[in-house]
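Asks: Requesting a structural model of the entry that follows:
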Amino acid sequence: MDASLLRQREEFNKRALARPVIEKRKHQSEAVNNDTSAASAKKKPKKLQRPTSDSNSVKSISSYSSRAGIGGSKFGNLAQIVNFMKSRHQEDDMFPLTIDEILEECKLEDIITPVQKNWLINEALPNNPKIQVVDNPGQERKYAFKPKYNIRDKKSLLKLLDRYDQRGLGGIMRFEVEESLPNAKRCLKALGNKIIYITRPDKKEVLFYNDKSCEFQVDEEFQKLWRSVAIESMDETKIEEYLNQQGMSSVQDTRTKLKPAQPRKRANNRKRKFKRHNDHIIAGVLEDYSEKQK
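Replies: Below you'll find the model as predicted:
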């Protein structure tokens, strides 16, 4: 390579190293860029944080929305009042309340209109099967919850179940007991095995009275004799004949048997005869004049 070119290259490198201003400008430009980015970051609005899915906040929102929706219709207000009276009864608060006291407890005094209030007093509450109207002379009309069964404690519940058992009425639904009896869960727990719980196919529980007097021990010999008799291949008529041969009577089914549905009669497809009103035409009253015209 030419020596002069090498010398020019070395001089160029020396001049470049002797100029530190280029590096300073570079640092200054980086600083300016950093300052502008920081300023732009400050100017940018902060992103709104989404509220966390807190259970309390969700409950408050749902309760507010439900109350707002209920306050919009008169039937919603009626449902809220009935549920409130039911909860009071279950908490053993059975004294009646006036309409103003009910609206105040339900926080509906500012929501309900005078027309809806008049409808509650004259129609809705008196005609509701879950509300009992208490009229005292010289006092304002009051309202109380009307349960299906008049039971106040565990003794009255046990008497009610015993009466149902003696009369062959069966059991009582558990939700009806919990609706009628104050502090029902505590009373049912205290009664223990005095009540039998049967779960229906629809998962609803029925309460029956557990009569201890009906419990007795059967000798094992009788149990073996009972199990040794096979009646799987016998129908009701054969069983009845066997009992009659042994001098025993069988229980007859006294229920009314439903008659099988009779097949419908088919519609008669015969042609209906209509009365003719132009019989004089057929009888030859009218004459044909076509040949005479020719």
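Asks: rest of the way, CA atoms for contacts and neighbours
Replies: OK.
Asks: Show me where this protein has its helices.
Replies: 3-17, 21-43, 55-70, 74-90, 99-105, 114-119, 125-127, 154-166, 174-180, 184-191, 220-228, 236-245, 279-282, 290-293 (DSSP state H).
Asks: looking at those helices, which one has the lowest mean pLDDT?
Replies: Sorting those by mean pLDDT places helix 55-70 lowest, at a mean of 42.
Asks: any idea how far Asn122 lies from Val133?
Replies: Using CA to CA, to the nearest Å, one obtains 11 Å as the distance from Asn122 to Val133.
Asks: Among these two, which residue is more densely surrounded?
Replies: Neighbours were tallied for Asn122 and for Val133 using other CA atoms under 10 Å; the higher tally belongs to Val133 (19 against 10).
Asks: Name the nearest residue to that one, sequence neighbours excluded.
Replies: Once flanking residues are discounted, Val133 sits nearest to Tyr143: 4.8 Å by CA to CA, 6 or more residues apart in numbering.
Asks: What is the neighbour count of the one you found?
Replies: 22.
Asks: Equivalent analysis for the one 3 residues further on, please.
Replies: Residue crowding around Lys146 was assessed by other CA under 10 Å; the count is 20.
Asks: can you list the domain ranges for the chain.
Replies: 63-145, 154-214 (automatic domain parsing).
Asks: gap between the two ends of the last one?
Replies: Which is domain 154-214. From start residue to end residue, domain 154-214 stretches across 22 Å - CA to CA.
Asks: again with stretch 207-217
Replies: 24 Å.
Asks: do stretch 135-148 as well
Replies: 20 Å.
Asks: I'd like the average pLDDT over it.
Replies: For stretch 135-148, the per-residue pLDDT averages 87.
Asks: List the buried residues in that stretch.
Replies: Residues of stretch 135-148 classed as buried: 142-147 (neighbour count, 16 or more other CA atoms under 10 Å).
Asks: Show residues contacting it.
Replies: 82, 85-86, 89, 94-99, 129-134, 176, 179-180 (CA atoms under 8 Å, 6 or more residues apart in numbering).
Asks: what does stretch 82-91 give?
Replies: So stretch 82-91 is contacted by 94, 106, 130-131, 144-145, 178-184 (CA under 8 Å, 6+ apart).
Asks: what is in contact with Asn122 and Val133 at once?
Replies: By CA under 8 Å, 6+ apart, no residue touches both Asn122 and Val133.
Asks: ok, back up a step: list only buried entries from the contacts of stretch 135-148.
Replies: 82, 85-86, 89, 94, 96-99, 130-134, 179-180.
Asks: so which of those comes closest to Lys117?
Replies: Ile99 (8.3 Å; CA to CA).
Asks: Contact partners for the closest one?
Replies: 121, 141-143.
Asks: Among those residues, which one lies nearest to Glu205?
Replies: For the contacts of Ile99, the nearest to Glu205 is Tyr143 (30.4 Å; CA to CA).
Asks: Pull up the gap between the residue nearest to Arg152 when sequence neighbours are not counted and Leu243, please.
Replies: Counting by CA to CA, 6+ apart, Arg152 lies nearest to Leu181, which is 5.7 Å off, once chain neighbours are set aside. With distances taken as CA to CA, Leu181 is found 49 Å from Leu243.
Asks: swap in Arg88?
Replies: Taken as CA to CA, the span from Arg88 to Leu243 is 59 Å.
Asks: any idea how far Leu97 is from Glu176?
Replies: Using CA to CA, one obtains 23 Å as the distance from Leu97 to Glu176.
Asks: thinking again about what came up before, greatest separation within the contacts of stretch 82-91: which pair is it?
Replies: Cys106 and Ala184 (23.7 Å).
Asks: okay, these two: which has more neighbours?
Replies: Ala184 (21 against 16).
Asks: What are the buried residues along stretch 172-190?
Replies: 172, 174, 177-184, 187-188.
Asks: Tell me the one among these nearest to Arg152.
Replies: Distances from Arg152 to the buried residues of stretch 172-190, taken by CA to CA, are shortest for Leu181, at 5.7 Å.
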